[in-house]
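# Fold the stuff below for me.
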Amino acid sequence: MTEKAVETSLYSVENFVTWLNLLELNENVDSETIFTGRGIAEALNKIDGDFFDMNFLNRIKPDSNWHLKKNNLHKVYLRLFEFYKERLDVELTEKCSVDFRNEDFISLLLAHSSKLQYAAINAVEEVKSLMQQSSTFDKNPEENIAVTVKELKEERDQYAEQNKTLRLDLKGLGDSSSELENLRKQLHAAHNLKENIQDSLYKVEAERDHYRKSAEEAREENAVLLKKIEFLAPLGDECRKAKDEVEEYRLRALDFEKLHSQVEVYKTKLKEYNSQKVEIKVLEEKVTTYMQSVIAYEDEQRKNGALKTQIESLRLENRDLGNKLREEAIRGDKAEFEVKRLSDKLKDVEEIKEQLREECRQLNEKVIFHEDFRQGDLVSSLHKETMEAAGVCLQFLFRERVLRLEKENEILRAKESDQIKLVKDDLNVMAEKKAEVESELKWSQRKIMELEAKLKDVEESMAEGEGLNKNRFSEQQAVKERLLLTLEQLKARLEQAQKVNEAGNEEKERLKEQLKATEEKYIAEKENLRMYMERARRVIDDVEKQNRAVEAGSLSRHEFDAIRRERDSYKETVENWEEKLEKSRTMHEEEQRLLISYLYDMMMERLRSTSNNSEVPTIPEKSFLARQRQYCYFVYELVGKIMKCLIFFAFFEGTDFYAGENR
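Numbers count the residues shown, from 1 in each chain. I've put the predicted structure just below:
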C-alpha cells in the first residue's frame, strides 16, 4: 500500500468512528476499540433492531484477544452479508434511502461536519457501484473472469519482481547490519571498560584520601584517647560488654527482619499455590468431562462399526449358505444320476437272469428228451449202441454243462443278491441324504428369508440413520475440534502451572538452603566477631600497657618497631582484601552485562527468525489453529526465558546482598 492509500484508509476509519459516536452507543468508540466489533454491532442494532437482534449482540463479546476480535469481525461480516442478501438486494432509490426509519440518521449526518457527510456520500456511491458491477458481472461472467485473471497475473508478476528486489536488498542490509552490530558491540564493550576503569580510579583516589584523613584523625584521636583512657579505664569493661550486647541485638534484629520478609513472601506464594491448585482441579474436572464426552462419541462410532461388521458377517453368511445350497444341489443331482445308473444296472442283471433261466429250462428239456430217447431204443442195432454211446457222451457233457451252469447261476445269484443289497443300502443312504438335503434346503431357505428381512431392516435403519448421523457426525467433529482446542489450551495451562509450581518448589528449596547458609554464616560471623572482640580487647590491653610503659619510660625501641610492623601488616591485609572485593565486583558486573547482552541477542534472533518465517512467500499458508498454536508456543517459550532471566538476576542480586553483608 502507498502512503496515500494509508492516509485515505485512516481518514475513513476516523470518519466511521465519529459517525458511530453520533449514534449514542453505550460506550464511546475510538480507533482502537472499533476493531473488537462490539461498537459496530451496537450501531447495527440501533439501525435495524429486528434483524440485528440481542442474540446477535450477545454473540459479539468485547475482548482484547486478537483471535476473538477476528471472530467478532467475521460474525459481523457474515450478518451484514445476510442483511444485504435479504433486505438490500434491490436498487437504492430515494424512497429506500430516505425511509421513515432512517430520517433520524440523516438528520444526525446533516447536523455534523461536511467531511463526515462527504465520507457517507462516498460510501453510498461505492455500494451503488459495487451493486452495478455485480449486475454487470452477472451478464457476462466469462469475460469478467478472464479480465480479472489477466489483472491478477500482472499483479503476481509485479509482486514477484518486487519480492526479488526486496530479497537482494535484505541480503545486503543483513551483511551490513551484522558488521555494524559487531562494531557497536565492540564500542559498547570499550565504553563499558572505560567507565569501569574510571569508576575504579575515582574509587581508589577517594579511598586513598579517605584513608589519609582517617589516619590523621586516628592519630589525633589516639592522642585524645590516651588522655581519656586513664579516666575511662574502670568503665571500659562495662562499655565493652554493653557494645557486645548491642551488636548481638542488632544482628538479631536484622535476621528477624529478613526472616519476616521471607515469611511474608512464602505466605503470598502459598496463597498463589493454593489458588493454582484449585484452578488445576477445576481444569482436571473439565478435562475429565471432555474426555468422557469424547469416549462416549468413540463408543457410538464403535457401535456403528460393530453394526457394519454384523452386516458384513450376515452378507458373508448369506454368501456361504448360497454356496452350500449350490453344493447340495450338485450332490442331489449326482445322487439322482447314481440312482438312475444303478436302476439301469438292475434292469440289465434281471435281463441276464431271465436269459439264464431260459437256457436252464431248455437244457433240462433236452436232457429229458435224451433220457426218453435212450429208454425207447434199448433193443437196437450196433448203430443204436454207437448212438447210445454217443448219447451217453453227450449226456455226460450236458450234465457237466448243466452243473457248470447251475454253479454259475448260483454264483450269479449270490452276486446279484449282494449287488441288490448294496444297491438297496445305497438307495437307503441316498434317501437319507436326500431327506437331509431337503431339510437343509428348507432350513437354509428359511434362514435366507430371515437374513433378507434383517438386511432390509438394517438397510432401512441405515438409510434413516445416515441423514441423522451426518448431522451428528458434523456436530461431533465440531465439538471434537472445540474439545481438542480446549484440551490443548488446558494442557498448556497445566504445563505452565506445573512449571510455575516446580519453580516455586525450587525457589522454596533454594530459600531453605539460603536460610541454612545464612544461619551458618551468622554463626561463623558471630564466632569471628567474638574472636575479633577478644583480639581487640587484647590489643587495647597491650596498647594501654605500652602507653603506661611509655609514660613510665620503660618501653624499648624494638617493641615500638614490632608494634609498627604489626600495624603496617594489618593495613596491607586490609588493602589486599579491598582489592579482591573490587575485582570480584567488577567480574560480577561484567558477567551480568554479558548475560544480559546474550539473552537480548538471543531474543532478537528468535524474533527475526519468526518474522522471516512469516514473510517467506514459498511456504504454504497455515491454518488458523496451527498459527494460534505456534503463537502460543512462542509466547510460552518467551515467558519461560524471561522467568529464567528474572530468577537468574534475583539470584545474583541475592549473592550481591550477602556479599555486601559479609563485607
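
# Now do the same for Thr135: its pLDDT.
Residue 135: Ser, not Thr. We have a pLDDT of 48 for Ser135.

# Show me which helix or strand of the protein is least confident by mean pLDDT.
Of all regular secondary-structure elements in the chain, judged by mean pLDDT, DSSP states H and E, the least confident is helix 94-97 with a mean of 40.

# domain parsing for this structure?
Structurally, the chain divides into domains by automatic domain parsing as follows: 3-154, 308-478.

# Tell me where the model's unsure across the stretch 201-350 of the chain.
For the stretch 201-350 of the chain, the stretches with pLDDT under 70 are 229, 232-236, 239, 290.

# what about Asn45, neighbour count?
With neighbours defined by other Cβ atoms under 10 Å, the count for Asn45 comes to 19. (C-beta placed from N, C-alpha, C; glycine too.)

# Nearest spatial neighbour of it, chain-adjacent residues omitted?
If you skip the residues right next to it in sequence, Asn45 has Phe52 as its closest partner in space, 4.7 Å away by Cβ to Cβ, 6 or more residues apart in numbering.

# ok, back up a step: and the domains of the chain, which one is worst for confidence?
Of all these, the segment with the smallest mean pLDDT is domain 3-154, scoring a mean of 66.

# so how far is Glu438 from Asp425?
20 Å (Cβ to Cβ, to the nearest Å).

# report the longest helix in the chain, please.
Longest helix of the chain, by residue count under DSSP state H: helix 141-376.

# Summarise which helices and strands that one is packed against.
The contact analysis (3 or more Cβ pairs under 8 Å, 6 or more residues apart in numbering; DSSP states H and E) places helix 141-376 against helix 382-552, helix 557-615.

# Go again with 6 Å.
Helices and strands touching helix 141-376, as assessed by 3 or more Cβ pairs under 6 Å, 6 or more residues apart in numbering; DSSP states H and E, comprise helix 382-552.

# what helix or strand does Pro62 sit in?
For Pro62, there is no host helix or strand (DSSP states H and E).

# what residues are up against it?
Pro62 makes contacts with 36, 38, as judged by Cβ atoms under 6 Å, 6 or more residues apart in numbering.

# Any figure for the gap between the closest residue to Asn318 other than its chain neighbours and Ala306?
Ranked by Cβ to Cβ, 6+ apart and with sequence neighbours excluded, the top spatial neighbour of Asn318 is Leu451, at 5.2 Å. The spacing between Leu451 and Ala306, counted by Cβ to Cβ, is 18 Å.

# Does Gly37 touch Leu57 like I think?
No - here Gly37 lies out of contact with Leu57, judged by Cβ atoms under 6 Å, at a distance of 10.6 Å.

# So between those two, which is more surrounded?
Remark: of Gly37 and Leu57, Gly37 carries more neighbours, 24 against 15, as counted by other Cβ under 10 Å.

# In terms of helices and strands, where is the closest residue to the more buried one other than its chain neighbours?
In space, Gly37 comes closest to Asn72 once its chain neighbours are excluded; the distance is 3.3 Å by Cβ to Cβ, 6+ apart. In this structure, Asn72 is located in helix 66-86 according to DSSP H and E.

# Give the buried residues for that helix.
69, 71-73, 76, 79, 83 (16 or more other Cβ atoms under 10 Å).

# CSV please, covering these and showing distance to Lys258.
Formatted as CSV, the buried residues of helix 66-86 follow (distance: Cβ to Cβ, whole Å):
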residue, distance to Lys258
Lys69, 47
Asn71, 51
Asn72, 51
Leu73, 54
Val76, 57
Arg79, 62
Phe83, 67
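
# what's the most distant pair in those residues?
Lys69 and Phe83 (21.0 Å; Cβ to Cβ).

# tell me the secondary structure for Val29?
On the three-state scheme (DSSP: H, G, I helix; E, B strand; the rest coil), Val29 is labelled coil.

# If I follow the layout properly, it ends up in contact with Leu20?
Yes - under the criterion of Cβ under 6 Å, Val29 makes contact with Leu20 at 4.8 Å.

# Which neighbours do these two have in common?
Common neighbours of Val29 and Leu20 (Cβ under 6 Å, 6+ apart) are Gly39.
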